[in-house]
Structure formats: C-alpha cells, structure tokens
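Model the following, please.
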Amino acid sequence: MLKKIQILLILFMCVKPLSSQIMNPMTPVIMKDIMPEYGFLPGKKFPIYTTIDKYDFNGLKLKVEIYDDREKLKLNRVKCSEIELEHISEFSTPQTIFKLQQYVDSIFLQSGIVIDANNDNVLKIRLEAVGSRLIGFGSIDVHGLCQMKIEFNEFQKIYSTDIMDGDKNSPLGRRAFVTRKTASRLMTSAAIRECLEQFLVDLKEGKTGGNNK
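Here you go, the predicted model:
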C-alpha cells in the first residue's frame with residue numbers, strides 16, 4: 001500500500017507542471033470533498049467538449065493561472081445576454097472552478113498549447129459568471145451562460161456566451177429528450193467551451209499581441 005502511495009505521489013509531481021493553476025482556492029477541504037465521485041458534477045455527467053474548429057499552436061508554452069471572481073463580482077447576467085443568472089444551482093458552488101481547470105487543460109492540450117508552471121508567458125483566466133437557465137413551460141428553452149475575463153501580456157478582454165439548445169454549436173437539439181439537470185449541465189459545458197474558443201480565435205489571429213509563439 002505504501003509503495004502504491006509513493007508511486008502516486010511521484011506521478012502527481014510529474015504531471016502537476018502540465019496543469020493550469022487555480023490561484024485563489026476555496027477554504028481548504030479534504031480532496032474527496034472537492035470533487036466527489038458522486039454528487040457534484042460527476043465526470044460522465046459533465047462532458048468536456050472539443051473545440052468546434054481545430055487549432056495548432058505548435059507547442060506554445062504558457063503558465064496558466066485560473067481565478068474565480070464570481071463571489072467578488074456577483075454578476076446577475078453575462079454581458080451578451082439579458083437572461084438573469086440564478087445563483088442556486090450546482091454551478092454556483094466554489095467547486096465549479098475545478099471543472100473549468102479540467103476544461104482549460106483539455107482544450108489547450110488539444111490545441112497544441114503546453115501548460116508550463118515555470119514559464120514567464122502568463123495567461124490569466126478569470127471566471128466571472130457561469131450557469132444555465134431553463135425558460136418556459138412545456139416547450140423549454142435551455143440556455144448555457146458563461147463569462148470570463150482573459151489577460152495575456154498587455155491584452156485584456158471579456159468573453160461571454162449565451163448559447164441555447166438548437167443553436168449552431170449547441171450539443172442539444174430543440175427537441176432533445178433529456179432531464180432538466182442533464183440539459184443544464186450540457187449547455188453550461190457548451191458555454192464554457194464557447195468562451196475558451198473565442199479566446200483561441202483571437203490568439204490564432206494575433207489579436208492578443210505579445211509573445212504568441
């Protein structure tokens with residue numbers, strides 16, 4: 001047993017520099033309470049989608065820092081939408097930041113970006129709002145909502161998304177037969193993907209300036 005623990009610790013130390021860093025962790029808790037196998041957003045219930053388009057940044061190395069600014073800002077809506085956020089879902093909890101970390105690590109890996117905790121090229125991702133709304137009776141519209149501020153060198157920009165079932169990049173069609181909770185999770189996941197991909201488009205087009213190579 002001790003030998004297994006030692007091996008796991010070695011693997012963790014090797015993998016850690018390749019992961020983004022959460023810079024304002026919540027009140028210390030036991031690891032199993034941060035992301036339990038059952039309960040808050042279990043992996044198979046919260047898919048991490050690939051980007052719509054393909055990107056290849058040829059091994060661009062970045063130090064990625066992730067901040068959770070939701071409690072500080074207390075936004076009631078994202079800037080691109082008039083739909084009000086409800087702060088009562090599972091996405092309102094501090095643990096959501098760990099799902100964003102997994103998303104960033106996955107999408108950047110797919111896009112040829114190497115996350116290096118020791119690199120001087122710092123990318124800051126600040127989560128400002130995230131969630132979903134189910135609107136209507138009978139025929140329900142499901143909206144995924146997300147807003148994040150991204151800082152890279154001298155570049156700063158707020159990215160926001162209001163994606164609805166049936167939209168072009170939506171994982172759900174208008175008549176998809178899923179539970180309300182599943183629909184909420186799928187559309188929130190899609191909203192996170194949309195915000196991150198908006199940044200990748202700007203990075204690809206050189207709009208972020210600075211050292212993009």
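
Which helix runs longest in this structure?
helix 180-204 (DSSP state H).

Mind jotting down where the strands sit in the protein?
Taking DSSP state E as the test, the strands found in the chain are 21-22, 60-68, 113-115, 122-135, 141-152, 155-164.

Give the other helices and strands that the fourth one contacts.
Think strand 122-135. strand 60-68, helix 70-73, helix 96-110, strand 141-152, helix 180-204 (3 or more Cβ pairs under 8 Å, 6 or more residues apart in numbering; DSSP states H and E). Backbone N, C-alpha and C define where each C-beta goes, glycine included.

picking that back up, check which helices and strands the longest helix of the chain is in contact with.
Using 3+ Cβ pairs under 8 Å, 6+ apart, helix 180-204 is in contact with helix 96-110, strand 122-135, strand 141-152, strand 155-164.

pLDDT averaged over it - what is it?
In this model, helix 180-204 carries a mean pLDDT of 95.

Equivalent analysis for stretch 98-110, please.
On average, stretch 98-110 scores 96.

Could you export that stretch as PDB, CA atoms only?
Provided in PDB are the C-alpha atoms of stretch 98-110 (Å, rounded to 0.1, in the frame of the first residue of the first chain):
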ATOM      1  CA  PHE A  98     -12.100  22.700 -10.700                       C
ATOM      2  CA  LYS A  99     -14.200  21.800 -13.700                       C
ATOM      3  CA  LEU A 100     -13.000  25.000 -15.500                       C
ATOM      4  CA  GLN A 101      -9.400  23.900 -14.800                       C
ATOM      5  CA  GLN A 102     -10.100  20.500 -16.300                       C
ATOM      6  CA  TYR A 103     -11.700  22.200 -19.400                       C
ATOM      7  CA  VAL A 104      -8.700  24.500 -19.900                       C
ATOM      8  CA  ASP A 105      -6.200  21.700 -19.600                       C
ATOM      9  CA  SER A 106      -8.100  19.500 -22.100                       C
ATOM     10  CA  ILE A 107      -8.700  22.200 -24.700                       C
ATOM     11  CA  PHE A 108      -5.200  23.600 -24.500                       C
ATOM     12  CA  LEU A 109      -3.700  20.100 -24.900                       C
ATOM     13  CA  GLN A 110      -5.900  19.500 -28.000                       C
END
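
And for that stretch, what's in contact with it?
18-20, 22, 34-35, 41, 46, 48, 50-51, 55, 62, 64, 66, 115, 125, 127, 130, 189, 192-193, 196-197, 200 (Cβ atoms under 8 Å, 6 or more residues apart in numbering).

What's the PyMOL line that selects buried ones from those residues?
PyMOL command restricting these to the buried ones, with burial defined by 16 or more other Cβ atoms under 10 Å:
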select buried, resi 19+20+41+46+48+51+55+62+64+66+115+125+127+130+189+192+193+196+197+200
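
Residue 90 is nearest to which of the helices and strands packed on helix 180-204?
Closest to residue 90 of the helices and strands packed on helix 180-204, according to Cβ to Cβ: helix 96-110, at 7.7 Å.

quick one, what contacts residue 127?
66, 67, 68, 69, 70, 96, 97, 100, 148.

Ok, residue 77 next?
83, 84, 85, 129, 145.

Name the member of the residues you listed that has the highest neighbour count.
residue 145 (29 neighbours; other Cβ atoms under 10 Å).
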